[in-house]
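Q: okay, structure incoming, though there's no sequence with it:
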């Protein structure tokens, strides 16, 4: 990893590079400090790497976009991979910052706002990093892997902080991680095909989180009280309210409620392959069992 | 990609390599044909790459495990990367074959059987391929990426074939892809931490698929009839039946049903920030709206 402390030789490199800029006929600009120049190169590289895969971005492209010479870029970064990793670290910090959300209001509405910012980031930076996130990028390395893991961890920690469940179980942690993977893959698929409006994706991902949380609570009775207070805080026109209304509409479709009620009654007779379904309890008509 | 047709020079290389094997004092063995030798090298490499990351497996390791000389291995494969990719292709074919399942019985039980075979594969081959699947493997390349994509496509196609929905919508396809990503990530997390029994994971993944399918149908009314026939085919002691029973138990927890019923009633008054919740309909007590 490149050191972030200014190098005493940077100024010399900057002067060496000056003729290149003059030759290109550009207007004179304020001399950048070592730190400013480094940050500028990273910003320019991030911009380029966000739009194109790394193999399609050269050091010359970055130098040209930064109004710098090739030797100057090499003075700050040993090569393209180092610059790629620095720009990925910057992207990771920007993305993690978008996960920050005040601990106020219904949980699904907080997550909905976060997902809006996340999807906005995917739309603007995703195209270039898609191959990296999907695996198989030529630029993948232990360094890029560490950045991606760090962003995933930040997302995971933010979600658990908002859930405010003391000592989350392994099952709940796994649910959160799996949902983060779902969000990643879904948004990458969306980038490739854009088959549904982005706002729909934002709502669906939040609703899928609510569903996963509910499933986890169904398996872990210790979470039931937390889930009750989660639902009590939600609003009818928020993502959770709309999900519940959509599900209520679905269960009004002929056949579905009957079939689900029959399943809820549980195995009433001896074995799984019994051909005569038991009489349904709780007053339902008893949908056919198969 | 290495050609699979036998090379006329292979026999010569085999003879050249013979002194090495003799020097190692091994018992004489039947001379392998070119194809057999190639397949044997891939099988041995797959075994090694399944247990360790690629950077910890050398051509010498593979040669030693295959009872072959280093030059012989190089005769068949230009280098470790080619052998890695060939073994990954073999692994991909083996994994895809595990997705094949007769079109018989309740859908969640078919998926449950497939997931049992998938998780068995993850357990035996996953450790070495985990870095590749998570991104950031030193061996990642366009070739490895193509193999992974092919396996994901096979899983996607199998699931859609079992769902037997003509002309699946983009939303349904996205649901299937996101669930496949969920299964991948969840099983990789499981490999790293083994925090829940594998049988639980098998059941949970199937139940999450059922939940995702239900959510998709809640958004897409065209799928409601398909979902009705899906639920009608399920059995009370199958994964779907057990999920419905767990959810029924969860909704019996004080507060949850009331809160959800209030959400299902929808926004009854003018706006989202209205402080006096409307009277709940359908005879519920009306849980606090926030």
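A: That came in fine, so what should we check first? What you see is a predicted model, and the numbers here were worked out from it, not measured in a lab.
Q: so which bits of the stretch 1-150 of chain A are right by chain B?
A: A:106, A:131-138, A:140-142, A:144-146, A:148 (CB under 8 Å from any CB of the partner chain). All C-beta spots, glycine's among them, are computed from the backbone N, C-alpha and C.
Q: name the residue closest to the centre of chain A, please.
A: residue A:184 (4.8 Å; CA atoms, centre = their mean).
Q: pick out the most distant pair among the residues of the stretch 1-150 of chain A next to chain B.
A: The distance between the two most remote of those (CB to CB) is 43.5 Å, for A:106 and A:138.
Q: these two: who's more crowded?
A: Using other CB atoms under 10 Å in any protein chain shown as the criterion, residue A:106 and residue A:138 rank with residue A:106 on top: 21 against 16.
Q: am I right that the more buried one is in contact with residue A:237?
A: No: taking CB atoms under 8 Å as the definition, residue A:106 is not a contact partner of residue A:237, at 10.2 Å.
Q: any idea how far residue A:213 lies from chain B?
A: As for residue A:213, its distance to chain B is 11 Å (criterion: CB to the nearest CB, to the nearest Å).
Q: kindly report the same for residue A:63.
A: From residue A:63 to chain B the distance is 27 Å (CB to the nearest CB).
Q: contacting residues around that residue?
A: A:69-70, A:72-73 (CB atoms under 8 Å, 6 or more residues apart in numbering or on different chains).
Q: please apply the same query to residue A:260.
A: Taking CB under 8 Å, 6+ apart as the test, what residue A:260 contacts is A:251, B:231, B:244.
Q: ok, residue A:87 next?
A: By CB under 8 Å, 6+ apart, the neighbours of residue A:87 are A:42, A:45-46, A:49.
Q: residue A:83 now?
A: So residue A:83 contacts A:41-42, A:45, A:59, A:62, A:73, A:77 (CB under 8 Å, 6+ apart).
Q: check residue A:231 too.
A: Residue A:231 neighbours (CB under 8 Å, 6+ apart): A:240, B:255-256, B:259-260, B:263, B:287.
Q: which of these sit farthest apart?
A: Greatest spatial distance among the contacts of residue A:231 (CB to CB): A:240 and B:255, at 14.7 Å.
Q: so which of the two has more stuff around it?
A: Shown here are residue A:240 and residue B:255; by other CB under 10 Å, residue A:240 has more neighbours (30 against 16).
Q: for chain B, see how far away the more buried one is.
A: Taking CB to the nearest CB, one finds residue A:240 at 6 Å from chain B.
Q: using the three-state scheme, assign that residue.
A: helix (DSSP: H, G, I helix; E, B strand; the rest coil).
Q: in this structure it contacts residue A:110, no?
A: No: taking contacts as CB under 8 Å, residue A:240 lies outside contact range of residue A:110: 11.5 Å.
Q: where does pLDDT dip in the stretch 1-150 of chain A?
A: Scanning the stretch 1-150 of chain A for pLDDT under 70 picks out A:1-29, A:135-136.
Q: which strands or helices does the helix ranked longest in chain A pack on?
A: If each helix of chain A is counted by residues according to DSSP state H, the longest one is helix A:107-134. On a contact count with 3 or more CB pairs under 8 Å, 6 or more residues apart in numbering or on different chains; DSSP states H and E, helix A:107-134 meets helix A:34-51, helix A:80-98, helix A:142-163, helix A:170-193, helix A:198-219, helix A:239-251.
Q: would you mind giving those helices as JSON lines with distance to residue B:53 added?
A: Shown next, in JSON lines, are the helices and strands packed on helix A:107-134 (distance: least, CB to CB, whole Å):
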{"stretch": "helix A:34-51", "distance to residue B:53": "26"}
{"stretch": "helix A:80-98", "distance to residue B:53": "20"}
{"stretch": "helix A:142-163", "distance to residue B:53": "11"}
{"stretch": "helix A:170-193", "distance to residue B:53": "21"}
{"stretch": "helix A:198-219", "distance to residue B:53": "30"}
{"stretch": "helix A:239-251", "distance to residue B:53": "40"}
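Q: which stretch among these comes nearest residue A:116?
A: helix A:198-219 (5.6 Å).
Q: quick check: buried residues in the closest one?
A: Neighbour-count burial for helix A:198-219 flags A:201-219 (criterion: 16 or more other CB atoms under 10 Å in any protein chain shown).
Q: stretch A:177-195 now?
A: Applying a neighbour-count criterion of 16+ other CB under 10 Å, one finds A:177-191 buried in stretch A:177-195.
Q: does chain B have contacts with that stretch?
A: Yes: counting by CB under 8 Å from any CB, chain B has neighbours in stretch A:177-195: A:177-179, A:181-182, A:184-186, A:189-190, A:193, A:195.
Q: as a markdown table, those with pLDDT would be great.
A: Listed next are the residues of stretch A:177-195 next to chain B as a markdown table, based on pLDDT from 0 to 100:
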| residue | pLDDT |
| --- | --- |
| A:177 | 89 |
| A:178 | 88 |
| A:179 | 92 |
| A:181 | 87 |
| A:182 | 88 |
| A:184 | 89 |
| A:185 | 84 |
| A:186 | 87 |
| A:189 | 85 |
| A:190 | 88 |
| A:193 | 84 |
| A:195 | 81 |
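Q: look up how far residue B:219 lies from residue A:148.
A: 30 Å (CB to CB, to the nearest Å).
Q: roughly how far does residue A:221 sit from chain B?
A: With CB to the nearest CB as the criterion, residue A:221 and chain B are 8 Å apart.
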